[in-house]
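Asks: Need the 3D shape of this:
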Amino acid sequence: MKKNIAGLLTVLIVTALFFSGFTTKNNVDLSHYILDDEVMDYNVPNKEEMITYTKPVPAPNYSLFLGKSYVGFKEALGFKESRGNYTTINQFGYLGKYQFASATLRMIGVYNPDSFINDSRLQEEAFTAYTARNKWILRRDIKRFSGKYVNGVKVTESGILAAAHLAGAGNVKKYLRSGGTIGFSDAFGTSIGYYLKKFSGYDTSFILPNRKAKVL
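Replies: Alright, predicted model coming up:
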């Protein structure tokens with residue numbers, strides 16, 4: 001009898017230990033998932049609304065406003081010269097976005113037109129160097145004529161520099177000092193007076209006069 005009782009107790013203890021292994025000592029707190037007295041209202045679009053929502057929405061048309069900044073000056077002049085095309089060569093052999101002559105490029109240290117036409121950074125550096133040279137050549141004329149009117153056009157520093165890019169600093173000097181009587185027009189008929197007006201009032205103070213400016 002004692003053996004039977006001992007055997008029964010052994011079975012009960014083993015069974016208890018077995019089932020206790022499936023219990024957990026950690027109680028999970030689910031109270032924060034309980035929503036008391038809260039009405040859950042879901043709106044599902046109907047067929048007509050789905051059609052409305054799935055219609056393509058036109059993308060907004062943004063444009064970069066550069067105003068009268070130096071970058072605005074460069075971009076406006078580049079657009080006038082070539083519509084901003086770095087790789088263009090016109091019928092007279094002028095190159096790139098700013099339509100440089102090969103002789104002008106050599107003056108500022110660019111000797112390979114092929115690499116120039118395929119290098120946008122080099123073209124921007126060439127424009128800055130050439131404009132700095134022109135600003136040094138025309139420094140006295142900028143000081144003397146800025147704010148005055150020649151042939152009905154108000155003269156500004158940016159207008160003078162743009163005209164020098166078109167016609168050369170020497171021709172701009174002649175135009176200003178003659179009161180506009182000695183003019184110049186390029187092969188397309190564009191005049192100094194036109195550039196003085198079109199590119200008037202930009203901030204070109206970023207460019208420092210430099211007699212020997214070159215592309216590094």
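Asks: What's the end-to-end length of stretch 98-108?
Replies: 14 Å (Cα to Cα, to the nearest Å).
Asks: what about that stretch, distance to the chain center?
Replies: Distance of stretch 98-108 from its chain centroid, counting by Cα atoms, centre = their mean, to the nearest Å, is 26 Å.
Asks: Any buried residues in it, and which?
Replies: Neighbour counts using 16 or more other Cβ atoms under 10 Å place 98-100, 104-105, 108 of stretch 98-108 among the buried residues. Where you see a C-beta, it was placed from the backbone N, CA and C, and this is true even at glycine.
Asks: Which positions in stretch 188-205 come out as buried?
Replies: For stretch 188-205, the neighbour count (16+ other Cβ under 10 Å) marks 190-197, 199-200, 202, 204 as buried.
Asks: can I get the CA coordinates of it in CSV?
Replies: Only the C-alpha atoms of stretch 188-205 are listed here, as CSV (Å, rounded to 0.1, in the frame of the first residue of the first chain):
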residue,chain,number,x,y,z
PHE,A,188,23.3,89.8,-85.9
GLY,A,189,22.7,93.5,-85.5
THR,A,190,22.8,93.6,-81.7
SER,A,191,24.1,97.0,-80.5
ILE,A,192,25.9,98.3,-77.4
GLY,A,193,22.9,100.4,-76.5
TYR,A,194,20.7,97.4,-76.6
TYR,A,195,22.9,95.5,-74.1
LEU,A,196,23.3,98.5,-71.9
LYS,A,197,19.5,98.6,-71.5
LYS,A,198,18.8,94.9,-71.4
PHE,A,199,21.3,94.1,-68.7
SER,A,200,20.9,97.2,-66.6
GLY,A,201,20.8,97.1,-62.9
TYR,A,202,22.3,93.7,-62.0
ASP,A,203,24.6,93.4,-59.0
THR,A,204,28.0,92.7,-60.4
SER,A,205,29.9,93.8,-57.3
